[in-house]
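>>> give me a model of this one.
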Amino acid sequence: MRPGSRAITPPSFDRAALVTLLTALLVAALLPLAVAGSAAAATPTALSLSAPASYADRDTTLTISLDASGVPVAAAPVVVERWDGAAWQPVGSGPVTTDVTGTATLAVPVDRSPERNRLRASYAGDEANAPTSVEYVLLLTALPTSTTLTGPASVIDEQTVSLRLTWKTVEGTGVLGRVYLQQYVSGVWRWVTTVGTNAAGYVDVRVTPRVDTRWRAVTLGLPWAAPSASVSHRIDNLPSGVPVALPASAPRPRIVLPAQPRATGAGAYPVISTISDAVWRSMVGRSWHRGCPVGRSGLRILRINYWDYQGYRRRGEIVAAASAIRQMAAALSDMYRAKLPIRAMYRVDRFGWSKRVNGADDYKSMAAGNTSAFNCRWVVGRPGVRSPHSYGRSLDLNTWENPYRSRLGWVPNAWWPSRSHPRVAWRSRTHPVVRIMANHGLRWSYATSDSQHFDAVTRNGRVIVVPGCGVAVCH
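Predicted coordinates:
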């Protein structure tokens, strides 16, 4: 020991304190293992949920069963939650408690949306039983529904009517959803439009039928509302004009033409155009052929509205010379304004080629009561003699009721020549149709011998002289 230093005495060793410290460390180390061992010893549990299928907007009884390895767990609190589309929300005021059989019941409202019928039941577990949870979807039964379609039974042509489509449950509750409006066309129901009902279960749709129609409303259903379809609803399309009343004994045309398209535009709405490629292809070899005195560039097509014999507005067309088409358009427009009907107005090439007239078949056109103009052909009943119609300045109007006296007799029938009609058959120059034609320079050239025939006069008041006709009637 160096001088001046002091001896250091080591601390005394406390054996009891050391034992206490080591025991504490050992307990701390073993405690988690003990807890884990305790948890591992807890009995596995199982939750099951069941409920009868139900209609929406009413309660169903949810049955909750809890068991531990097949043994019912009694007095166990079970929390039931429902998915609200964003989060789980508790059902009821708190947990439900199982009885001695390990079951509990809870009244649960059934929602219209399957997504909001998702439930979750949870059991937190205890010293003896492990925690568990389960999800379940309430079974939704679609409520029977009825779909109806109501509206007027008739409509005036070109006017709009309102149809009401209604979708309700059998209990009378309105269904908010999509409804399909369909129309019966050619033996098949065809979709027209899709509309949505309001909260009261109905929606109004406006339609403008142009023919007699049948309608129905169809719904495809919702998860909570069953599909249904209405009975068909008929709407009769009534004419806006006055139908022609013919004598009961009067013969009807031998050829029945399909109705022409419904009118477009207001009034007569005449439209004059050059001859399109499609129209010209149809004319060549029928109403026009090589050697005709007027060609494509000298012809025009007139499309115009007219009143048919049933009182409906139709749209027809004629081909005529460019020099005469405006006279015909003006005269036919005046007929329209006076509501003087026309039976049909198809281009004559529709009737095909005829060897008898060396042009489009005028016999068939007359037998159908058709109105037409240009047709490069012979005079009916006079082979080799060119008809005035070859120049496109002649108009044949309502040919069935206004026959032509050919060398072989009356064409197309012998009933009408001795009879007249205030609207469709004329036998004097005082008839309104003859007056209208005359006002626009269309001369009733052959009077009652060919009452259907009118010729467009030139600016100097003359009619083109057709070689070979002379003073004879040249239809």
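
>>> residues of stretch 236-246 that come out buried?
Neighbour counts over stretch 236-246 (16 or more other Cβ atoms under 10 Å) mark 237, 241, 244 as buried. For every residue, glycine as well, the C-beta is placed using N, CA and C.

>>> tally up the residues packed near residue 445, please.
By the criterion of other Cβ atoms under 10 Å, residue 445 has 17 neighbours.

>>> need the contact list for residue 48.
Applying Cβ atoms under 8 Å, 6 or more residues apart in numbering, we find residue 48 in contact with 64-65, 134.

>>> 7 Å - rerun?
Applying Cβ atoms under 7 Å, 6 or more residues apart in numbering to residue 48 gives the contacts 65, 134.

>>> that one and residue 91, how far apart?
17 Å (Cβ to Cβ, to the nearest Å).

>>> the helices in this protein, which residues?
15-40, 277-283, 325-337, 362-367, 432-439 (DSSP state H).

>>> may I have the beta-bridge partners of residue 396?
Applying DSSP bridges to residue 396 yields these beta-bridge partners: residue 372, residue 453.

>>> so it sits right up against residue 375, yeah?
No: taking contacts as Cβ atoms under 7 Å, residue 396 lies outside contact range of residue 375: 8.6 Å.

>>> look up the closest residue to residue 193, ignoring the ones flanking it.
Excluding the flanking residues, the one nearest residue 193 by Cβ to Cβ, 6 or more residues apart in numbering is residue 181, at 5.1 Å.

>>> how close does the closest residue to residue 298 other than its chain neighbours get to residue 135?
For residue 298, ignoring the flanking residues on the chain, the nearest one in space by Cβ to Cβ, 6+ apart is residue 322 at 5.6 Å. Distance, residue 322 to residue 135, using Cβ to Cβ: 82 Å.

>>> number of residues surrounding residue 317?
Residue 317: 17 neighbours (other Cβ under 10 Å).

>>> check the helices of the chain for me: which has the lowest mean pLDDT.
Per-stretch mean pLDDT for the helices of the chain is lowest at helix 15-40 (a mean of 50).

>>> so residue 121 makes contact with residue 64?
Yes: checked against Cβ under 7 Å, the pair residue 121 and residue 64 is within contact range at 5.8 Å.

>>> now the common contact residues for those two.
Counting by Cβ under 7 Å, 6+ apart, the common neighbours of residue 121 and residue 64 are 47, 49, 78.

>>> with distance to residue 301 added, can I get the residues you listed in CSV?
Output for the shared contacts of residue 121 and residue 64, formatted as CSV (distance: Cβ to Cβ, whole Å):
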residue, distance to residue 301
47, 83
49, 77
78, 85
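
>>> ok, so of the residues you listed, who is nearest residue 407?
Nearest to residue 407 out of these is residue 49 (Cβ to Cβ; 99.1 Å).

>>> strands along the stretch 101-250 of the chain, start to end?
Under the criterion DSSP state E, counting those that start in this stretch, the stretch 101-250 of the chain contains strands at 103-109, 118-123, 132-137, 145-150, 154-156, 161-169, 178-185, 188-196, 202-207, 213-219, 228-229, 233-238.

>>> what sits against the closest residue to residue 135 other than its chain neighbours?
Spatial nearest neighbour of residue 135, excluding adjacent residues (Cβ to Cβ, 6+ apart): residue 120 at 5.0 Å. With contact taken as Cβ under 7 Å, 6+ apart, residue 120 is in contact with 81, 88, 133, 135.

>>> show me which of residue 396 and residue 375 is the more surrounded one.
Taking other Cβ under 10 Å, residue 396 and residue 375 do not tie; residue 375 has more neighbours (30 against 24).

>>> that one and residue 363: what is the separation?
12 Å.

>>> same deal with residue 210?
In this view, residue 210 and residue 363 are 32 Å apart by Cβ to Cβ.

>>> now residue 407
For residue 407 relative to residue 363 (Cβ to Cβ), the value is 14 Å.

>>> straight-line length of stretch 138-149, end to end?
From its first residue to its last, stretch 138-149 covers 34 Å (Cα to Cα, to the nearest Å).

>>> give me the nearest residue to residue 107, chain neighbours excluded.
Nearest in space to residue 107, with sequence neighbours left out and distances taken as Cβ to Cβ, 6+ apart, is residue 59 at 4.5 Å.

>>> so that neighbour touches residue 108, yeah?
Yes: using Cβ under 7 Å, residue 59 and residue 108 qualify as a contacting pair, with a distance of 6.4 Å.

>>> nothing else from me, thank you.
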